[in-house]
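Engineer: model this:
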Amino acid sequence: QAQLGESGGGLVQAGGSLRLSCAASGRTFSRYSMGWFRQAPGKEREFVASISWSAHNTDYADSVKGRFTISRDNAKNTISLQMNNLKPEDTAVYYCAASTRYPARELGSYDYWGQGTQVTVSS
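Structural biologist: Down below sits the predicted model:
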């Protein structure tokens, strides 16, 4: 059974950095585009970033552009999200997801989802 598992979340002060990782198991995701989404309390899940299967193309939400970097290692079946200059408004549960489409910003475009990892940014 295909699974995605996030790690790397935690508590950080504003201006700090965190690196999230997502490990895939049960199947290879090398031909899937991968994305990161987040959901803050009381808000809808929103797109953060995505990367094509070849890693040649990336897409970012305006709110994180210039601060977050998505990357992938197909040999290790992992993707990462480097988050710099974090702000309190980045506080959310972060999810990784896999899609057969690219670009893909809509939740419905993704076929597999992880359980999420909490990121909390204090002011």
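
Engineer: For residue 45, see how far away the residue nearest to the spatial centre of the chain is.
Structural biologist: In the chain, the centroid-proximal residue (CA atoms, centre = their mean) is residue 36; its distance is 2.3 Å. Counting by CB to CB, to the nearest Å, the gap from residue 36 to residue 45 is 11 Å. Yep, even glycine has a C-beta here, placed from its N, CA and C like the rest.

Engineer: Between these two, which contacts overlap?
Structural biologist: Here residue 36 and residue 45 have residue 95 as joint contacts, going by CB atoms under 8 Å, 6 or more residues apart in numbering.

Engineer: contacting residues for residue 84?
Structural biologist: 17, 67, 68, 69.

Engineer: how many neighbours does the second one have?
Structural biologist: Right, the one you point to is residue 67. 15 (other CB atoms under 10 Å).

Engineer: what pLDDT does it get?
Structural biologist: The per-residue pLDDT reported for residue 67 equals 98.

Engineer: go on, the first one?
Structural biologist: Predicted confidence (pLDDT) at residue 17: the value is 98.

Engineer: any idea of the pLDDT on the residue lying closest to it once chain neighbours are set aside?
Structural biologist: Spatial nearest neighbour of residue 17, chain neighbours left out: residue 84 (4.7 Å); criterion: CB to CB, 6 or more residues apart in numbering. According to the predicted model, the pLDDT of residue 84 comes to 98.

Engineer: Relative to residue 32, how far out is residue 84?
Structural biologist: For residue 84, the distance to residue 32 - CB to CB - is 26 Å.

Engineer: Among the contacts of residue 84, find me the one that's closest to residue 99.
Structural biologist: Distance to residue 99 across the contacts of residue 84 (CB to CB) is lowest for residue 68, with 18.3 Å.
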